[in-house]
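>>> Following is a predicted model, sequence given first.
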Amino acid sequence: MPAYRDKRSGVWRYRKRVRLLDGTTPRIEGTPSLNTKLAAEQAERAHIERLLRGEPKNPPKEVPTFEEFVPEFLAICRMKNKPSEVQTKESILRWHLLPAFGRLRLDRIRYAEIQDFAAKTIEKKRSKKTVNNCLTVVRRLLVVAKKRELIEAVPEIEWLKAPKPDFDFLTFDEAARLVAAADPEWSCMIILALKAGLRQGELLALRREDIDLVTGLLRVRRSVTRGFVTEPKSGKGRDIPLGDEAIAALKAERHLRGPLVFCDAAGRMWKKNEVKHPIWRACRKAGLRQIGWHVLRHTFASHLVMRGAAMKVVQELLGHATIEMTMRYAHLSPDVPRHAVKLLDGLGSSAAPAPNAGRQVGDKGRFGT
């Protein structure tokens, strides 16, 4: 069999049975360090020559450079990741990682090289979050290389402690002013973002078949990112009950332009940069600071928590993969400070507690840990 390209991974390989002078017919196969047809053919000829010289049938693989392994790594990413995620990895590789590690062999990328890269990236005024994103791609690439037996171990990577991102949200009064100031053709989209908490990509990809106005249920089944329509960010869909205001807005939004709920006059899906101006106009008319669509999602979650909704319910409505992502809204709950202070009710201020007061059977330490 001549050199061939694996249909699933897109990687060039060679596989062939060779007849030697002693009459044996061993099978040879392998993957070249450079992912091209020519490299596979050259690797096959070199393998045959080694056999004819009596060298071991399966010599150690030559360790490719970072730059040489990138096409193979991206081919594997395309099998497992969303197109938008592959684009993000390609951008990180192109602008950050290839200039730093491109000419290094994979087995020469160790703790020191990775730590130096992080330090130099910070010196370029890049955020710690950006550095961590780069380190994530480096680690994933090296993990793949180890699985393909190109390196023996993946070096330790120390993540930078990035500050938790602040989030903005509108008060109840500000949200009402924004809706009142919105252009009529955009008010439904703004109301749905505020009352259902959809991400911008989920709003743009929303179809009429996803909404049941009789039962008042909205099904989030798809999202658009960088022009690619895929499943939602969490990897699974979710159902969101609709309130009366959202149902009324959706009923008024009916049109015959196509299956999308929000689209232009020709039925085409709006692009991300096209929908920022309507919300900015509404902000100016309402006398509000300039915000983006994601602030409306934060507003949805914040208002639920401020009205006493359980954090688990908020997590499910937002489609968060973990409760930790939802807990950043916990401080907005009106019951948290009150419940904490009420723990002190009934305790005397003058009498000191007994040495073991408050200690329960089975307690492991003075703080119950």
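That came in fine, so what should we check first? Numbers count the residues shown, from 1 in each chain.

>>> low-confidence ranges in the chain?
1, 56-61, 335-343, 346-369 (pLDDT under 70).

>>> Tell me where the longest strand sits in it.
Counting by DSSP state E, the longest strand found in the chain is strand 12-17.

>>> right, and the helix or strand after that one?
Downstream of strand 12-17, the next assigned helix or strand under DSSP states H and E is strand 27-30.

>>> Please name every helix or strand in contact with that next one.
strand 12-17, helix 37-52 (3 or more C-beta pairs under 8 Å, 6 or more residues apart in numbering; DSSP states H and E). Yep, even glycine has a C-beta here, placed from its N, CA and C like the rest.

>>> Redo the ones you listed as CSV? Include distance to Ser84 and mean neighbour count.
Putting these into CSV (distance: least, C-beta to C-beta, whole Å; neighbours: other C-beta atoms under 10 Å) gives the following:
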stretch, distance to Ser84, mean neighbour count
strand 12-17, 26, 17
helix 37-52, 29, 16
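
>>> looking at these, which is closest to Glu253?
Glu253 sits nearest to strand 12-17 of all the helices and strands packed on strand 27-30, at 51.0 Å, using C-beta to C-beta.

>>> how about the helices and strands packed on strand 27-30, which one is nearest Pro83?
In terms of C-beta to C-beta, the element of the helices and strands packed on strand 27-30 nearest to Pro83 is strand 12-17, at 22.4 Å.

>>> Residues touching the closest one, excluding its own?
1-6, 25-32, 35-37, 39-41, 43-44, 47-48 (C-beta atoms under 8 Å, 6 or more residues apart in numbering).

>>> tilt between the longest strand of the chain and helix 37-52?
Counting by axes from the mean of the first three to the mean of the last three C-alpha atoms, to 10 degrees, strand 12-17 points 30 degrees away from the direction of helix 37-52.

>>> List the pairing partners of strand 12-17 within its sheet, with orientation.
Partners of strand 12-17 in the sheet, by DSSP bridges, are strand 4-5 (antiparallel), strand 27-30 (antiparallel).

>>> returning to what we had before: between the helices and strands packed on strand 27-30, which one is closest to Met79.
Using C-beta to C-beta, the nearest of the helices and strands packed on strand 27-30 to Met79 is strand 12-17, at 15.3 Å.

>>> rewinding a little: the strands paired with strand 12-17 into a markdown table, with extra columns for mean neighbour count?
Formatted as a markdown table, the strands paired with strand 12-17 follow (neighbours: other C-beta atoms under 10 Å):
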| stretch | mean neighbour count |
| --- | --- |
| strand 4-5 | 14 |
| strand 27-30 | 14 |
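
>>> need these in TSV with distance to Trp95, can you?
Converted to TSV, the strands paired with strand 12-17 look like this (distance: least, C-beta to C-beta, whole Å):
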stretch	distance to Trp95
strand 4-5	28
strand 27-30	32
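
>>> Which among those is found nearest to Leu217?
Between Leu217 and these, the tightest spacing by C-beta to C-beta is seen for strand 4-5, at 46.0 Å.

>>> contacting residues around the residue nearest the centre of the chain?
By C-alpha atoms, centre = their mean, the chain has its centre lying nearest to Lys233, at 6.7 Å. By C-beta under 8 Å, 6+ apart, the residues touching Lys233 are 199, 201, 223, 319.

>>> Please tell me which one of those residues counts the most neighbours.
Among these, Ser223 has the most neighbours (other C-beta atoms under 10 Å), with 25 neighbours.

>>> who touches stretch 296-306?
Stretch 296-306 is contacted from outside by 167-170, 172, 175, 190, 193-199, 279, 311, 313-314, 317-318, 326, 329-330, 332-334, using C-beta under 8 Å, 6+ apart.

>>> Those residues in helices, which ones?
Using DSSP state H, the subset of these located in helices is 172, 175, 190, 193-196, 279, 311, 313-314, 317-318, 326.
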